[in-house]
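**Student:** For reference, the sequence and a predicted model appear below.
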Amino acid sequence: MSVQVKTPEKLPEITRRAVRTACCGTLGAVHLQIPEDILQAEIDPARVSLNIEEDCKTFPAYPTRPAAGLVERLNLPVCTTMTGQGTTPNDHRRSIGVISDNGYHAHAKRAMEASEFVLFVGSRMGSVVTIAWTFPRLALNKRMAQIDINPEAIGIKCANAFLLKGDAAFVLKELLVAMLEASDTERLAPWVDHLNGLRAVFWENAQALLTNDSTSLRPERAVLCFNEALDASGQPAQIYAEAGTQAPHMTRFLKINDRGTRFAIPRAFGGIGSALLANMGAWRADPTRRPIGLFGDGSFAVSVGALKALVRRQVSPILILFDNGAFGWIKGLHRLSGHKRCFGVGFTPPKGQAVAEAFDLKAWTATVAASLDAGLAEAFAWRKGPSFIDIRVESIADRVPSVYSWMMKRGRDPLALEAADVAYL
């Protein structure tokens, strides 16, 4: 919704419509252009309605993590898309993992393949979730159901067993009430135990990548440092990660155990350059959660001017720059296609700390795990404005990241639980 308010009498009505558009149905952005003369105009209160609905006074107007009750009652394993991370805490035994193309978990993919029935909640089942509509390889036709508030999003990818149009929170609540008397809720316990066994093997094998200090700072090692700092802080956070080097590694290895922490990732090239101002929006929406922005050096070049706004408003996000002198995702695609020489994807790495300090931010540079640990500890403790960490990290163009379709192109088994470095050429 994008509207210019042209008369002062229309302002209350348009504002109410904007709030409904932003907070009801499929949530989305709203832009109102209000000229200065409209804001200064005087109107007769009898000519307009200043009513504010109770549901519009708080956001969200419904409980978060609506699936929790149903999952607990029926002992259901839960997989999420990359944008659905945090729906259930990572340390929960029914929280299996991520099924998207980027940063997926092999054990979660196996769960999808082997399930007798799958309930999709609030997912459009787009190309990233289904890997260009090729996964699960065992067709979901007739063994899945879909819940979505948008009727245009349900039943268009395959033949569903049934469709449920409605707000996920309310539909799941009604399902829970209907199944309170369900018997044999432990029937799925062996299945959940089996999936947890696969998950344990995955994380045990992943330690070799997460703790590898043999070369320059690797993205997996950076995520481990971040996980440890996030847990140690004891603070709920709103984590916003852009597409790029950080995306597949954060999706695969990020652990969210704090019930108040949320994770957002715009899986589109249009999201490049959005992290800095997104942190401003996250802080405005909920100042109780610490905003954390994760972005690459290409994005930083696009949006660096936004640092001034964060300083002026005294917002206190932690900004983390994954600095490797390349549009890593595009360069990785070049190399995946067999090109040894890549065109138009490299540039001189920015001196992120110097740039941040020029805007009066508290800033650090991390080149090894120890300096990153120190920088993160100080950043989480800093509350006098934004803080900035320039991580000199390996590019995803140096090793094939955990992207299902890329692994397939390299002739690797994407469902393998073993951890290994995969070369492009």
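**Tutor:** Happy to help now that I have it.

**Student:** A helix includes residue 21, no?
**Tutor:** Yes. Membership of residue 21 in a helix is supported by DSSP: H, G, I helix; E, B strand; the rest coil.

**Student:** Surely it touches residue 30?
**Tutor:** Yes. Judged on C-beta atoms under 8 Å, residue 21 makes contact with residue 30 at a distance of 5.4 Å. (Each C-beta comes from the backbone N, C-alpha and C, glycine too.)

**Student:** Beyond the helix ranked longest in the chain, next helix or strand please.
**Tutor:** The longest helix of the chain (DSSP state H) is helix 189-210. Counting by DSSP states H and E, the next helix or strand C-terminal to helix 189-210 is helix 219-233.

**Student:** buried sites along that next one?
**Tutor:** 219, 220, 221, 222, 223, 224, 225, 226, 227, 229, 230, 233 (16 or more other C-beta atoms under 10 Å).

**Student:** I'd like to know the predicted local confidence at the closest residue in space to the second one that isn't next to it in sequence, please.
**Tutor:** Think residue 220. Closest residue in space to residue 220, ignoring its immediate chain neighbours: residue 209 at 4.3 Å, by C-beta to C-beta, 6 or more residues apart in numbering. pLDDT, residue 209: 92.

**Student:** Wait, residue 209 touches residue 419, no?
**Tutor:** Yes. With contact defined as C-beta under 8 Å, residue 209 reaches residue 419; the gap is 5.0 Å.

**Student:** Which one of the two is surrounded by more residues?
**Tutor:** Set residue 209 next to residue 419 and count neighbours by other C-beta atoms under 10 Å: residue 209 wins out with 21 against 17.

**Student:** ok, the more buried one - contacts?
**Tutor:** By C-beta atoms under 8 Å, 6 or more residues apart in numbering, residue 209 lies in contact with 218, 220, 221, 419, 421.

**Student:** Can you tell me the element residue 249 falls in?
**Tutor:** With DSSP H and E as the criterion, the answer for residue 249 is helix 246-253.

**Student:** And the contacts of that helix?
**Tutor:** 82, 85, 98, 100, 102-105, 206, 210, 219-220, 222-224, 226-227, 239, 241, 265, 267, 294-296, 320, 322, 329, 396, 401-403.

**Student:** So which bits of the next helix or strand after that helix are buried?
**Tutor:** As assigned by DSSP H and E, the chain's next helix or strand after helix 246-253 is strand 262-264. Of the residues in strand 262-264, those buried by neighbour count under the rule 16+ other C-beta under 10 Å are 262, 263.

**Student:** any idea which helix or strand comes after strand 262-264?
**Tutor:** Following strand 262-264 in sequence, per DSSP H and E, is helix 275-285.

**Student:** Check which residues of that next one are buried.
**Tutor:** In helix 275-285, counting by 16+ other C-beta under 10 Å, buried: 275, 276, 278, 279, 280, 282, 283.

**Student:** list the contacts for the first one?
**Tutor:** Yep, that's residue 275 we're talking about. Per C-beta under 8 Å, 6+ apart, neighbours of residue 275: 240, 241, 242, 293, 294, 295, 299, 303, 319.

**Student:** Pipe those into JSON lines and attach distance to residue 44, secondary structure and pLDDT per row.
**Tutor:** Listed next are the contacts of residue 275 as JSON lines, based on distance: C-beta to C-beta, whole Å; DSSP: H, G, I helix; E, B strand; the rest coil; pLDDT from 0 to 100:
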{"residue": "240", "distance to residue 44": "44", "secondary structure": "strand", "pLDDT": "91"}
{"residue": "241", "distance to residue 44": "49", "secondary structure": "strand", "pLDDT": "89"}
{"residue": "242", "distance to residue 44": "48", "secondary structure": "coil", "pLDDT": "86"}
{"residue": "293", "distance to residue 44": "45", "secondary structure": "strand", "pLDDT": "93"}
{"residue": "294", "distance to residue 44": "50", "secondary structure": "strand", "pLDDT": "93"}
{"residue": "295", "distance to residue 44": "49", "secondary structure": "strand", "pLDDT": "92"}
{"residue": "299", "distance to residue 44": "48", "secondary structure": "helix", "pLDDT": "87"}
{"residue": "303", "distance to residue 44": "44", "secondary structure": "helix", "pLDDT": "89"}
{"residue": "319", "distance to residue 44": "47", "secondary structure": "strand", "pLDDT": "95"}
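
**Student:** farthest pair in those?
**Tutor:** Using C-beta to C-beta, the contacts of residue 275 span at most 14.5 Å, a distance reached by 241 and 303.

**Student:** ok, the two, which is more surrounded?
**Tutor:** For residue 241 and residue 303, the more surrounded residue by other C-beta under 10 Å is residue 241, and the numbers stand at 27 against 18.

**Student:** Check the contact between the more buried one and residue 262; I expect there is one.
**Tutor:** No. Using C-beta under 8 Å as the test, residue 241 is too far from residue 262 to be in contact (11.7 Å).
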